[in-house]
Each structure stands twice: as C-alpha cells, then as structure tokens.
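Student: Test case, fold it:
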Amino acid sequence: MRYYALVLLFALVPAYTLQAQKAQVDIYKIKVVTVVGNRLYGTLEAVSENDLIINTADNRRSGNRLNRLKLSSVKRIVLRRRSGQKSAVQGAIVGGLAIGYVVVNSTPKNPFRSPVLYGVNLALAVAGGAAGGAILGNSISSSLSRKVIRPHNRDREDANEHLRRQLEPFTYSYQIDVLNRIQP
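Tutor: Below you'll find the model as predicted:
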C-alpha cells in the first residue's frame, strides 16, 4: 500500500521545474534623518557614489517622485520591509495550530455532547488562535525587521563609500539587477 501511495505521489508531481524560492524583489521603506534634522520618507530606489535616491510616491503605480539626497548629509537611515504579510500569515498558522492542539488535547477530559459542538468549538478556537497569531506575528516582525544604518566616522574620506556599500543590497535597482543575472 505504501509503495502505491509513493508512486502516486511522484506521478502527481508536475513535470516542470520547481523553484526553492520565488524570485521576487523586496521593497524597503526608508526613513532618512539628515544632519540638519530633516526627515524624508519613501522607498529605497538606488544609491550612487554620492547620492541616495528615494521614491517618495505613495506606491509604485502612482508614478515615481524621486528625491536625491547627498550621502554626506545623512545622519541616520531606518529600513523596514514594505510588506509584513509573510510574518502575519506565519503567525496565523502557528497560532491556529497551537490553539487547535490545546483544544484537541483538552477534549478527552471534558467531552462534548455532540460532534457538532466539538467541531464548532474547534473551529472557533482555531480562528481565534489564528487571529491572535497574525496580530502577534505582525507586531513582532515590524520590530525585528527594522535595520538602522549610520555612517561611520564622517571625517574619513571613505565614509560615503562605506554607507553606499551598506545600503546597496537593499535598493530596488540592485535587487532587479541581481535577479536579471540569475534568471535564464
């Protein structure tokens, strides 16, 4: 029986190649604090040798409003992933499974009068656990996915280069360039 199930499993696997990870671009929200104290919000678009390019439009579809900012005028940069959806979904899965496990294990001690009541209780408990897990996952990821970048020692001549190297992997243009090199 196990042999037939294994053969059926492999027969149902699609013939096309499967990817381990989806090729996608992570868009990072950015908050830049300048030496003067001004704040600029947007998405990190690109970084050149002397400039930081930030898209201050609300979303990519509404057009680009690109602002250039000198790297020498940057005091602090805070980066966050644009979408917290992945962590909210993971939190919902973990929360639903955890509460479902607790309900299933506590049922033999306190049995229900009918299977319908058991099903309703289990469904409501899993839904509540999923909602709580989604909220918790989203709040945890927003605090953990934040990255603060500060320029090192402004007196050195390579301070701009050091800041550029720190920021470059998070830029939209760099990630598109890497994906174009990888894909056939």
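Student: Please count neighbours and contacts with C-alpha atoms only from this point.
Tutor: Fine.
Student: Check the offset of the top helix by length along the chain from the chain's centre.
Tutor: Determined from DSSP state H, the single longest helix within the chain is helix 115-144. On the basis of Cα atoms, centre = their mean, to the nearest Å, helix 115-144 sits 20 Å off its chain's mean C-alpha point.
Student: what is the mean pLDDT for that helix?
Tutor: For helix 115-144, the mean per-residue pLDDT is 85.
Student: Return the set of buried residues in that helix.
Tutor: Going by neighbour count (16 or more other Cα atoms under 10 Å), the buried part of helix 115-144 is 121-122, 125-138, 141.
Student: Kindly report the same for stretch 26-44.
Tutor: 27-34, 40-44.
Student: now the residues you listed in a markdown table, with distance to L167?
Tutor: Shown next, in a markdown table, are the buried residues of stretch 26-44 (distance: Cα to Cα, whole Å):
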| residue | distance to L167 |
| --- | --- |
| I27 | 13 |
| Y28 | 11 |
| K29 | 12 |
| I30 | 11 |
| K31 | 13 |
| V32 | 12 |
| V33 | 15 |
| T34 | 16 |
| L40 | 16 |
| Y41 | 15 |
| G42 | 14 |
| T43 | 12 |
| L44 | 9 |
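Student: Next, give me the two most distant ones among the residues you listed.
Tutor: Largest separation among the buried residues of stretch 26-44 by Cα to Cα: I27 and T34, giving 21.7 Å.
Student: what's near enough to touch G132?
Tutor: Taking Cα atoms under 8 Å, 6 or more residues apart in numbering, we find G132 in contact with 92, 95.
Student: Mind doing that once more with 10 Å?
Tutor: G132 sits next to 88, 91-92, 94-96, 99, 126, 138 when contact means Cα atoms under 10 Å, 6 or more residues apart in numbering.
Student: From the residues you listed, list just the buried residues.
Tutor: Buried among these (16+ other Cα under 10 Å): 88, 91-92, 94-96, 99, 126, 138.
Student: Out of the residues you listed, which is nearest to K147?
Tutor: N138 (16.3 Å).
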